[in-house]
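Student: Take a look and give me a structure for this.
(chains A and B)
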Amino acid sequence: MPPSQRPPVSLVAPAVVVALVAIAPVIYLVDRAASSGWNVAWREIAQQRTIDLVARSLTITVMATILCVVVGVCAAVLVTRTDLRGAKIWRVILALPLAVPTYLAAYAWVSARPSLAGIDGATLVLVACCYPYVFLPVCAALQRIDRASEEVARASGRSGLSVIWHITLPQVRTAVASGALLVALYVLSDFGAVGTMRFESFTWVIFGAYNAGFNPSRAAVLSLVLVAIALGVTLAEMRARGRSSYRLGAGASRSGFAFRLGRKQIGATLFLTVVTAVAIGMPVGSLVKWLVRSTGQQTDWTDLRRAAFNSFTLALIAALVTLAVAIPAGVLAARHQSVTSRVVERATYVSHALPGIVIGIAVVHLGIRLLRPLYQRTPLLIAAYVVIFLPLAVGTVRAAFEQCPPRLEEVARSLGRTRRRALWQVAARLSAPGLAAGTALTFLAAMKELPATLLLHPTGTDTLATRLWTHTSVSDYSGAAPYAAALMLLAALPTAVLGWLSGRLVGDG
Amino acid sequence: MAALPALVMICACASGGDATSSTTAAPTTAAPTTTQPIKPSGSITIYSGRSESLVKALYEQFTADTGITVSARYGDSGALAAQILTEGKASPADVFFAQDAGALGAVAKAKLFSSLPASQLDKVAKTYRSADGMWTGVSGRVRVVLIDPAQVATPPATIDEVLDAKWKGKVGFAPSNASWQSFVTALRVTRGDAAAAEWLKRFAANTPKAYQGNGAVRDGVNAGEVALGLVNHYYLYEKIAKEGADKVTARNAFMTPGDVGGLVNVAGVGIMTSGRNRGAALAFSEYLLSDKAQKFFAEKTFEYPLVGGGAPAVGLPSLADLKPPTIDLSDLDSIAITQELLSKAGLLTK
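Tutor: Alright, predicted model coming up:
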């Protein structure tokens, strides 16, 4: 007998609370926009300039997302389904760009090639830094799909490419769509790349409204337009995702089956090398150049160590808390498809399209009024990180629970386990690698975060990102180099773990 | 799961460091009314739009000299102003020390500054402080045209001469730099938006070269990549201090007296109404206007001291000789409109 599809209150209640916290910034924005009168707000939205901005932001979002999907999917197919040489190493290397903050990559590019400023440079940097959002889940998904159908198709005479296109990729649609969603939301929210490349997108104008216009109401109105776009993007993703299916088969995933690259081996390696050179080589190269130049300067090692410790601790707490609060929403979305679960899950995504400064200002507004003792203290900063990075964790939790068949839990329950014990003993263990991946993803993102950190960090608690900013804001790139290097090294660790995990998400322990 | 809140608590304590700030001085509040003021003490929180590398040493000196401890939160002046406007009267800041007048003007407009005492205001010429006494400039910077002497025999004497066709493709500027945008704002304020737009149109037609920042413009001029660079006066002196005078060939050209191209913008300070230690906050603003701090700005950041008698760094013409244009610096807060104008001219974003 199938279990009741009604989700338990113990799951729905925390999920709804988390969703409410996640949309708190949006509530603040509505309030702020309304404070100047809806007429003013409407006039702001209805002007030609805003419409142009929507077009520009959509253009770069669509371009960057498509390119990320192409690069991410190609790379994932190459490392998981072909006999590519060094596939295991490539898997780790290809995840590494997640460790590079967009502001650093953009600066490296624009100072080497000033003509890149504008949409070309911004797109280049965003694709280079974001394609792992597609690459990682697609790798994981490719790893666990049933290979029998591929083998059948192959045996019936289809070419390798045709099999991948018609048989393999449709099975990982969900993973592609969820990765693309994260990319799209990130591109909408990013300021590092568009700011440095001087591409006038929504975030550029929102930052301007705060920093140059001293006009939080205008910033709020524009941010709401961004929220509307984000809603559209998440709905599009829901459609693209289609109905997700569980892997039920007894078929353990086999390794060993691979498409022969043959003479294409060189081309494939070349492609991955170019991707790596653009995404890693360029920023790391600039960093080395700054480091060499900085040899004359004294590096304050105590300060560097302290900042590294703070970055690590804050990001780790943020990642763990985010994961904890993401679990109800993620499980709900994976196990109980209903209007509630969909609304809750989507609610956690919306704020991800908002630039860090908008979330930061919203948390400033709410924190100073409702949680004054915590203002500019660690817990409130963590709360901001949770709101910003929740989708990274909710997405991975959902994916992790989707892949472990509920039937196993049912079996456990039929053997006399309570629902909670069944969930813990079966699902939690099977989904552990996925949850670890979600934690690593959040950890990375939190460590690179700057605008909200600057607004909310406890006074005197500097992180690598804020120290980096201290130096770059006065164009002291040599002074910034040690902090940038430490940030990228610290971030590279969990990224490498991510790349490695992406091959072991099957939960076959 | 249960361990998480505990972890958060631990971190909250470990990262504190400002536990001392909660014990600030109630006794000093009566100070201003008495003739023999009680010496201010305790600690203050400064929202510092001036960067750490420039002013941290000054804050430390202030603490050493007065015993008042400083908690500084550094940020972009504009972002800090936005934060203060959002915090409103609950702001934890005692003092806002900003990089430019626009950010100070925005906070003053929101009535979040309390007025400075006349004894402090009177030290600074009226041009460099707010008319209603809500904030005062502390140090000044002059817009100049940096020239590469190898390419430039007679430097432009006014900002309009920069538009001359002979400089086509030879002018460097930093589109996203706040001082450049302040200059364009001053152009709008003095000549009107239409005339400013016309100037920008002609400037853009001369295909100027966009650099990442003022430092990059300076290095570009010094390397001969461009003949002229629109920057602040002190970038040249920073380079000389760092690399030695013999390595630097670029020179500053100051504009004709009164020309808007020679705008003087200020970094300045205001005292927050929300502050809980007004005595110490006032001691800080007083300190910024003291000979010691003024000398610090002249020697360490190569800026213009704004308190009478303070001499600029060696080799700089005095403000009295420069006769910069008279502009109400509070009017320079309309940078958003400037940015729109720049965008339209194709000079800001792409």
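
Student: Surely B:Gly268 is in a strand?
Tutor: Yes. Checked against DSSP: H, G, I helix; E, B strand; the rest coil, B:Gly268 lies within a strand.

Student: burial of it, as a residue count?
Tutor: 30 (other C-beta atoms under 10 Å in any protein chain shown). (Glycine included, C-beta is placed from N, CA and C.)

Student: I'd guessed it sits against B:Gly140; true?
Tutor: No. Using C-beta atoms under 8 Å, B:Gly268 makes no contact with B:Gly140, being 9.5 Å away.

Student: who touches both of these two?
Tutor: B:Tyr128 (C-beta atoms under 8 Å, 6 or more residues apart in numbering or on different chains).

Student: Give me the distance from stretch A:329-338 to the chain's centre.
Tutor: Chain-centre distance of stretch A:329-338: 20 Å, with C-alpha atoms, centre = their mean, to the nearest Å.

Student: May I see the buried residues of that stretch?
Tutor: Judged by neighbour count (16 or more other C-beta atoms under 10 Å in any protein chain shown), stretch A:329-338 contains these buried residues: A:Ala329, A:Gly330, A:Val331, A:Leu332, A:Ala333, A:Ala334, A:Arg335, A:His336.

Student: Among the residues you listed, which lie within helices?
Tutor: Counting by DSSP state H, the part of the buried residues of stretch A:329-338 found in helices is A:Ala329, A:Gly330, A:Val331, A:Leu332, A:Ala333, A:Ala334, A:Arg335.

Student: which of those lies closest to B:Phe62?
Tutor: Checking these against B:Phe62 with C-beta to C-beta, the nearest one is A:Ala329 at 49.0 Å.

Student: Might you report the residue contacts of that closest one?
Tutor: Contact partners of A:Ala329, counting by C-beta under 8 Å, 6+ apart, are A:Ala15, A:Val18, A:Ala19, A:Val344, A:Glu345, A:Thr348, A:Leu390, A:Val394, A:Val397.

Student: could you dump the residues you listed to JSON lines with neighbour count and pLDDT?
Tutor: Formatted as JSON lines, these follow (neighbours: other C-beta atoms under 10 Å in any protein chain shown; pLDDT from 0 to 100):
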{"residue": "A:Ala15", "neighbour count": "29", "pLDDT": "90"}
{"residue": "A:Val18", "neighbour count": "26", "pLDDT": "90"}
{"residue": "A:Ala19", "neighbour count": "24", "pLDDT": "91"}
{"residue": "A:Val344", "neighbour count": "25", "pLDDT": "87"}
{"residue": "A:Glu345", "neighbour count": "23", "pLDDT": "86"}
{"residue": "A:Thr348", "neighbour count": "28", "pLDDT": "87"}
{"residue": "A:Leu390", "neighbour count": "27", "pLDDT": "91"}
{"residue": "A:Val394", "neighbour count": "34", "pLDDT": "88"}
{"residue": "A:Val397", "neighbour count": "26", "pLDDT": "86"}
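
Student: can you redo these as CSV with secondary structure and distance to chain B?
Tutor: Converted to CSV, those look like this (DSSP: H, G, I helix; E, B strand; the rest coil; distance: C-beta to the nearest C-beta, whole Å):
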residue, secondary structure, distance to chain B
A:Ala15, helix, 15
A:Val18, helix, 14
A:Ala19, helix, 19
A:Val344, helix, 20
A:Glu345, helix, 21
A:Thr348, helix, 18
A:Leu390, helix, 15
A:Val394, helix, 17
A:Val397, helix, 14
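
Student: Most widely separated two among these?
Tutor: So, the contacts of A:Ala329 by C-beta to C-beta: farthest apart are A:Ala19 and A:Val397, at 13.9 Å.

Student: still on that earlier bit, show me which of the ones in helices among the buried residues of stretch A:329-338 is closest to B:Leu306.
Tutor: Nearest to B:Leu306 among these, counting by C-beta to C-beta, is A:Ala329 at 55.6 Å.

Student: any idea how far the residue lying closest to that closest one once chain neighbours are set aside is from A:Ala105?
Tutor: Excluding the flanking residues, the one nearest A:Ala329 by C-beta to C-beta, 6 or more residues apart in numbering or on different chains is A:Ala15, at 4.5 Å. Counting by C-beta to C-beta, to the nearest Å, the gap between A:Ala15 and A:Ala105 amounts to 36 Å.

Student: what do you get for B:Gly308?
Tutor: Going from B:Gly308 to A:Ala105 by C-beta to C-beta gives 49 Å.

Student: higher neighbour count, those two?
Tutor: Legend: neighbour count by other C-beta under 10 Å for B:Gly308 and A:Ala105, higher for A:Ala105 (27 against 10).

Student: helices and strands around the helix or strand that contains the more buried one, which ones?
Tutor: Using DSSP states H and E, A:Ala105 sits in helix A:102-112. Packed against helix A:102-112, as judged by 3 or more C-beta pairs under 8 Å, 6 or more residues apart in numbering or on different chains; DSSP states H and E, are the following elements: helix A:119-130, helix A:192-196, helix A:282-293, helix A:464-472, helix A:477-501.

Student: hmm, 6 Å instead?
Tutor: helix A:119-130, helix A:192-196, helix A:282-293 (3 or more C-beta pairs under 6 Å, 6 or more residues apart in numbering or on different chains; DSSP states H and E).

Student: quick one: which of those helices is nearest A:Ala141?
Tutor: Nearest of the helices and strands packed on helix A:102-112 (C-beta to C-beta): helix A:119-130, 17.9 Å.

Student: Residue numbers of chain A in contact with chain B?
Tutor: Contact residues (C-beta under 6 Å from any C-beta of the partner chain) of chain A with chain B: A:111, A:117-118, A:198, A:200, A:208, A:210-214, A:313, A:317, A:321, A:324, A:361, A:364-365, A:368, A:377-379, A:454-455, A:458-461, A:470, A:473-475.

Student: how many neighbours does the residue in the stretch 301-450 of chain A positioned nearest to chain B have?
Tutor: Nearest to chain B in the stretch 301-450 of chain A, going by C-beta to the nearest C-beta, is A:Thr378, at a distance of 4.3 Å. Using other C-beta under 10 Å, A:Thr378 has 27 other residues around it.

Student: I'd like the distance between it and A:Leu314.
Tutor: Applying C-beta to C-beta to A:Thr378 and A:Leu314 gives a distance of 7 Å.

Student: low-confidence ranges in the stretch 351-500 of chain A?
Tutor: Applying pLDDT under 70 to the stretch 351-500 of chain A flags the ranges A:423.

Student: Tell me where the stretch 101-250 of chain A has helices.
Tutor: For the stretch 101-250 of chain A, the helices defined by DSSP state H, counting those that start in this stretch occupy A:102-112, A:119-130, A:132-144, A:148-155, A:160-163, A:169-171, A:173-189, A:192-196, A:202-211, A:216-241.

Student: now those in CSV, with mean pLDDT?
Tutor: Below are these laid out as CSV (pLDDT from 0 to 100):
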stretch, mean pLDDT
helix A:102-112, 90
helix A:119-130, 96
helix A:132-144, 88
helix A:148-155, 80
helix A:160-163, 82
helix A:169-171, 85
helix A:173-189, 92
helix A:192-196, 90
helix A:202-211, 86
helix A:216-241, 88
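
Student: ok, and for the helix holding A:Ala105, which residues are buried?
Tutor: By 16+ other C-beta under 10 Å, the buried positions in helix A:102-112 come out as A:Thr102, A:Tyr103, A:Leu104, A:Ala105, A:Ala106, A:Tyr107, A:Ala108, A:Trp109, A:Val110, A:Ser111.
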